[in-house]
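Visitor: how would this look folded up:
(one chain, ligands or ions: 1)
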Amino acid sequence: MRFYKILFVVVISVVMASCVTSPTGRRQLMLVSEQQAISESALAYVQVMEPLEQQGKLNRNPSLNRRVKRITERLVHEAVRLRPDTADWQWSIRIIESPETINAWCMAGGKMALYTGLIDQIQPTNDELAQVIGHEIAHALANHTAEKMSVALAGSLGVLAISIISDKPGSAAAASVAATLAVTLPNSRTAEREADEIGMRLAASAGYDPSAAATLWQKMGSVGGNGPPQFLSTHPSSQKRQQTLRAMEARMIGYYQPGIHHPRYPIDL
Ligand SMILES: [Zn+2]
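Guide: Numbering: from 1, shown residues only. Modelled structure (predicted):
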């Protein structure tokens, strides 16, 4: 019993010491440093993509790949302008062949995925696709992935969390699992609002119409078939989201310059 008491105190102290502040001033639980999240995510990304590559499940359609690459490179250019240290990230995006999956994600360190279901079923315009990818990049820029990894670790057991931060053997595997798990966990409403705001700003300054955010979410909400899109379960929406997006839109107009030349940041696709 005494052991558990001590363990409890240790876990609580670790958790309290691990709270940091997000870009919008919110307290975040951080058991994993952003650097750890980035290196574990790089490993997890390979583990996810390698089997898909072998099974021929990575989309190779030249025009879709060109389109996604062009949009992502413009967004990443803006992301690096906003957070210059992310120039060190190994930015990349893969398009996963999965017609029934309406989803996209970005791991810590800029490792992204987009599912063909989102393209086929949502039929996004370039402006709307830029909102999806911009929103995902925003989650990574605001360190939400490391935050979700921390939640995954804390939820599994305090002991595991301690083994991770104390760097004991076996912790790397656990952290890599947590990195994969992190993209399947829902973001908090607050994290969603942060990602909406940062994502819309990235898209606007990359030359994509801010009004596309509201139409994108509308399309996401009204898509029929096999239940709601996976995207909505990992990106929970509030009833007020449309309203909030419209209000943000007005603030984003200042960043939006359609038609001018927008530089691109070369990424791996
Ligand atoms: Zn989100």
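
Visitor: Strands of the stretch 1-150 of the chain, residue ranges please.
Guide: Assigned by DSSP state E, counting those that start in this stretch, the stretch 1-150 of the chain shows strands spanning 19-21, 27-29, 92-96, 104-107, 111-115.

Visitor: So which of the ones you listed is nearest L185?
Guide: strand 104-107 (10.6 Å; Cβ to Cβ). To be clear about C-beta, it is placed using only N, CA and C from the backbone, and glycine gets the same treatment.

Visitor: which strands and helices sit next to that closest one?
Guide: In terms of contacts (3 or more Cβ pairs under 8 Å, 6 or more residues apart in numbering; DSSP states H and E), strand 104-107 is packed against helix 34-54, strand 111-115, helix 126-141.

Visitor: Quick check: buried residues in the first one?
Guide: Burial within helix 34-54, assessed by neighbour count using 16 or more other Cβ atoms under 10 Å, is assigned to 34, 36-42, 44-45, 48-49, 52.

Visitor: ok, now how distant is the closest residue in space to K57 that isn't next to it in sequence from A250?
Guide: Residue nearest to K57 in three dimensions, not counting chain neighbours: E97, with 4.7 Å by Cβ to Cβ, 6 or more residues apart in numbering. Plainly put, E97 is 38 Å away from A250 if you go by Cβ to Cβ, to the nearest Å.

Visitor: Look at the two and report which has more neighbours.
Guide: E97 (16 against 9; other Cβ atoms under 10 Å).

Visitor: on that earlier part again, now, among the buried residues of helix 34-54, which is nearest to D88?
Guide: Nearest to D88 among those, with distances taken as Cβ to Cβ, is I38, at 9.1 Å.

Visitor: So L58 sits against I96, correct?
Guide: Yes - assessed by Cβ atoms under 8 Å, L58 is found in contact with I96 at 6.5 Å.

Visitor: Compute the number of surrounding residues for Y265.
Guide: Y265, neighbours per other Cβ under 10 Å, totals 17.

Visitor: can you tell me the residue of the chain closest to the ion?
Guide: Of all residues in the chain, H235 sits closest to the ion, with a separation of 3.5 Å (Cβ to the ion).

Visitor: quick one: that residue from Q55, how far?
Guide: For H235 relative to Q55 (Cβ to Cβ), the value is 27 Å.

Visitor: Which one's more surrounded, these two?
Guide: H235 (25 against 9).

Visitor: Tell me the confidence at the more buried one?
Guide: On pLDDT, H235 comes in at 85.

Visitor: give the contact list for it.
Guide: Taking Cβ atoms under 8 Å, 6 or more residues apart in numbering as the criterion, H235 is in contact with H135, P186, N187, E192, A195.

Visitor: Which residues are in contact with the third one?
Guide: Contact partners of N187, counting by Cβ under 8 Å, 6+ apart, are H139, H144, K148, A195, T234, H235, P236.

Visitor: buried subset of these?
Guide: Of the contacts of N187, these count as buried by 16+ other Cβ under 10 Å: H139, H144, K148, A195, T234, H235.

Visitor: Identify the residue nearest the third one in space, chain neighbours excluded?
Guide: Meaning K148. Using Cβ to Cβ, 6+ apart and skipping residues adjacent in sequence, the residue nearest K148 is A182, 4.0 Å away.
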